[in-house]
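[1] No sequence on hand, only this structure:
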């Protein structure tokens, strides 16, 4: 699997070694118009790929399927590797723990769509599933990336990562 871009290091990290490792898996799904299926957050006013953290004893594909089903209600039909990104970032709980997070991206197709099963945090974020033009999602995220909401410790790298993947997809589709 190819590495997408260079390692993202959260601004204000004072050390380049990590305290914990975290692995995530995310899905890339296109519709017939070549728009991306993404999660739009009303609270954060941004677009992100469905997926999330893989549990320690979990296979990455099984974890991807679980996360995608929870966040979108989608059961995936096909799953193909696309690439991965690496971040050195703080955790979202506000402490000084530095994570080396590797996010694996897969391209998939939909077998079936049910109802999402959002956890409380996702409900508070006002998540909704949308299809959006890649360039529109990229430009929108670029506009909001520096706002106050996205400057919270542990959130600063999220849109950098997502836009790095969108940019890679746009290049690959030319």
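    That came in fine, so what should we check first? Keep in mind it's a predicted model, so treat the numbers as computed, not measured.

[2] Ranking helices and strands of the protein by mean pLDDT, which lands last?
    Least confident helix or strand, the chain: helix 120-124 with a mean of 92, by mean pLDDT, DSSP states H and E.

[3] Check the protein and tell me which residue is nearest its centre.
    Centroid check for the chain by Cα atoms, centre = their mean gives residue 49 as the closest residue, at 4.3 Å.

[4] Find me whatever residue is spatially closest to it, sequence neighbours aside.
    Leaving out its chain neighbours, the residue that sits closest to residue 49 by Cβ to Cβ, 6 or more residues apart in numbering is residue 26, at 4.1 Å. The way it works is simple: take the backbone N, C-alpha and C, and place the C-beta from them, glycine included.

[5] Now the least confident helix or strand of the chain: buried residues?
    By 16 or more other Cβ atoms under 10 Å, the buried positions in helix 120-124 come out as residue 122.

[6] Quick check: residue 95 vs residue 12, distance?
    When Cβ to Cβ, to the nearest Å is applied, the distance between residue 95 and residue 12 equals 13 Å.

[7] now residue 110
    On the measure of Cβ to Cβ, residue 110 and residue 12 end up 39 Å apart.

[8] For these two, indicate the residue with more neighbours.
    Set residue 110 next to residue 12 and count neighbours by other Cβ atoms under 10 Å: residue 110 wins out with 16 against 9.

[9] Next one, pLDDT for the residue nearest to that one when sequence neighbours are not counted please.
    Once flanking residues are discounted, residue 110 sits nearest to residue 74: 5.4 Å by Cβ to Cβ, 6+ apart. pLDDT for residue 74: 97.

[10] Tell me the spacing between residue 74 and residue 171.
    From residue 74 to residue 171 the distance is 26 Å (Cβ to Cβ).

[11] With neighbour numbers in mind, choose between the two.
    residue 74 (23 against 8).

[12] Contacts only, for that one.
    Contacts for residue 74 were tallied using Cβ atoms under 8 Å, 6 or more residues apart in numbering; they are 27, 29, 50, 68, 110-114.

[13] Nearest to residue 160 among these?
    Nearest to residue 160 among these is residue 50, at 18.3 Å by Cβ to Cβ.
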